[in-house]
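Colleague: here's a sequence, model it:
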Amino acid sequence: MAKQDAGKTNVMRVLEQRKIPYTPHTYPHGDEAVDGVTVAALTGLAAECVFKTLVARGASKTPYVFVIPVAQELDLKRAARAVGEKSIAMLHVSELLSLTGYVRGGCSPIGMKKQFRTVIDDSALKQDTIAVSAGKIGTQVELAPKALCDLIRGSFAPLTVM
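Modeller: Numbers count the residues shown, from 1 in each chain. A predicted model of the protein is given here:
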């Protein structure tokens, strides 16, 4: 049994525990993270269906999580508006592991050390499924956007640069 579970991440275990259907995807990688558009190409998924997880901090010093398509850029003003902050600044990569439990390139909105307020770009609602990191570099999980949103107690809002 342990050998069978060796390829599973904690994200996958959470999804299975909650009986949320998902499809795992893996891609070849080195020690470093690759950009999201490359991840989409390596997994055979359309870039508009693959989402990246970004962590930012509001003017109030509260951390927030934003999930946006990999080919898009986070609009900091829209992000701040979505969470009711005056401003938002991206979290420094050196803080990511201690705050979330994840490394750059393997950050998932599912299973962070603490559940932070999370907003998913509303373009996800146009997709039947979206892929997000499964919690480690080289692995993605594909699931329904509403199932993801319900699981992480998130919300949808326009977040990307127009």
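
Colleague: now do the helices in this protein.
Modeller: Assigned by DSSP state H, the helices in the chain fall at 2-5, 10-17, 36-43, 76-83, 93-100, 145-151.

Colleague: redo the ones you listed as TSV? Include distance to residue 55, mean neighbour count and mean pLDDT.
Modeller: Every residue, glycine included, has its C-beta placed from N, CA and C. Formatted as TSV, these follow (distance: least, Cβ to Cβ, whole Å; neighbours: other Cβ atoms under 10 Å; pLDDT from 0 to 100):
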stretch	distance to residue 55	mean neighbour count	mean pLDDT
helix 2-5	28	7	46
helix 10-17	16	17	96
helix 36-43	15	18	91
helix 76-83	11	18	98
helix 93-100	6	14	94
helix 145-151	16	18	98
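
Colleague: to residue 57, which of those helices lies closest?
Modeller: Proximity to residue 57 (Cβ to Cβ) singles out helix 93-100 among the helices of the chain, at 8.6 Å.

Colleague: so how far is residue 58 from the closest residue to residue 80 other than its chain neighbours?
Modeller: Nearest in space to residue 80, with sequence neighbours left out and distances taken as Cβ to Cβ, 6 or more residues apart in numbering, is residue 88 at 4.4 Å. To residue 58, residue 88 is 6 Å away according to Cβ to Cβ, to the nearest Å.

Colleague: contacts only, for residue 19.
Modeller: Not one residue lies near residue 19 by Cβ atoms under 8 Å, 6 or more residues apart in numbering.

Colleague: any idea how far residue 88 is from it?
Modeller: Distance from residue 19 to residue 88, counting by Cβ to Cβ: 34 Å.

Colleague: residue contacts, the residue most central in space within the chain?
Modeller: Nearest to the mean C-alpha position of the chain, by Cα atoms, centre = their mean, lies residue 53 at 3.2 Å. Residue 53 makes contact with 65-67, 102, 107-109, 132-133 under the criterion Cβ under 8 Å, 6+ apart.

Colleague: could I get those as TSV with pLDDT?
Modeller: Below are those laid out as TSV (pLDDT from 0 to 100):
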residue	pLDDT
65	98
66	98
67	98
102	95
107	95
108	97
109	98
132	98
133	96
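
Colleague: out of those, which comes closest to residue 34?
Modeller: Proximity of these to residue 34 (Cβ to Cβ) peaks at residue 133, which lies at 11.8 Å.

Colleague: how about the strands in the chain?
Modeller: Taking DSSP state E as the test, the strands found in the chain are 23-26, 51-58, 63-69, 88-90, 117-121, 130-133, 139-143, 155-157.
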